[in-house]
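S.K.: dropping the sequence and predicted coords here.
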Amino acid sequence: MLRRLAFLVALASTPALAAVDVSTSLNLGGNAQIQHVTYGCGAETTLEVTYINAEPNFIAIVPIDGVKQIFVNVISASGAKYVSAEYEWWSKGTDATLHNVTEGLDAAPVLTCSENIETP
């Protein structure tokens, strides 16, 4: 059985397109997983990240400055690495980092996060 997921992407690159919404669908097979993960990134920053795993598509939706951005999975040596525009979201285990790749390969992460795990 196939499920469909619709993405709404606001295009605001020019004033003429500022109010335009574009949607597309992604067929999700029976083994698709959607996971919502809350990360703590320092004392006052929390990120709600949504992972969509539907082989061959692996996507993370990460809020950047209050705007949800769609990140796509790319090859990594370890963990799961996702990219969107100038940003790289890299998760491994319960930890994740957000990098602005325009700042250089040796630049410190913009955010360093750990998954908020509730224990009973």
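M.R.: That came through, no problem.
S.K.: doesn't residue 102 lie inside a helix?
M.R.: Yes. Under DSSP: H, G, I helix; E, B strand; the rest coil, residue 102 falls within a helix.
S.K.: number of residues surrounding it?
M.R.: Applying other CB atoms under 10 Å, we find 9 residues neighbouring residue 102. In this view, the C-beta of every residue, glycine as well, is placed from N, C-alpha and C.
S.K.: so how far is residue 98 from the closest residue to it other than its chain neighbours?
M.R.: Spatial nearest neighbour of residue 102, chain neighbours left out: residue 86 (4.7 Å); criterion: CB to CB, 6 or more residues apart in numbering. According to CB to CB, to the nearest Å, residue 86 stands 11 Å off from residue 98.
S.K.: repeat for residue 24
M.R.: From residue 24 to residue 98 the distance is 25 Å (CB to CB).
S.K.: name the residue in these two with the higher neighbour count.
M.R.: A count of neighbours by other CB under 10 Å puts residue 98 above the other of residue 24 and residue 98, at 21 against 9.
S.K.: and the average pLDDT for the helix or strand harbouring that one is what?
M.R.: For residue 98, the host element (DSSP states H and E) is strand 95-100. Mean pLDDT, strand 95-100: 97.
S.K.: low-confidence bits of the protein, can you list those?
M.R.: With pLDDT under 70 as the threshold, the chain has low-confidence stretches at 1-19, 119-120.
S.K.: quick one: the strands in it, in order.
M.R.: Counting by DSSP state E, the chain has strands at residues 3-11, 20-28, 33-40, 46-54, 57-64, 67-74, 80-84, 87-92, 95-100, 111-115.
S.K.: residue 112 and residue 41, how far apart?
M.R.: Using CB to CB, residue 112 is found at 7 Å from residue 41.
S.K.: tell me which of those two has more neighbours.
M.R.: Each of residue 112 and residue 41 has its neighbours counted (other CB under 10 Å); residue 41 has more, 17 against 14.
S.K.: that one contacts residue 113, doesn't it?
M.R.: Yes. Contact status for residue 41 versus residue 113: in contact at 3.9 Å, counting by CB atoms under 8 Å.
S.K.: show me what contacts residue 41?
M.R.: Applying CB atoms under 8 Å, 6 or more residues apart in numbering to residue 41 gives the contacts 47, 98, 111, 112, 113, 114.
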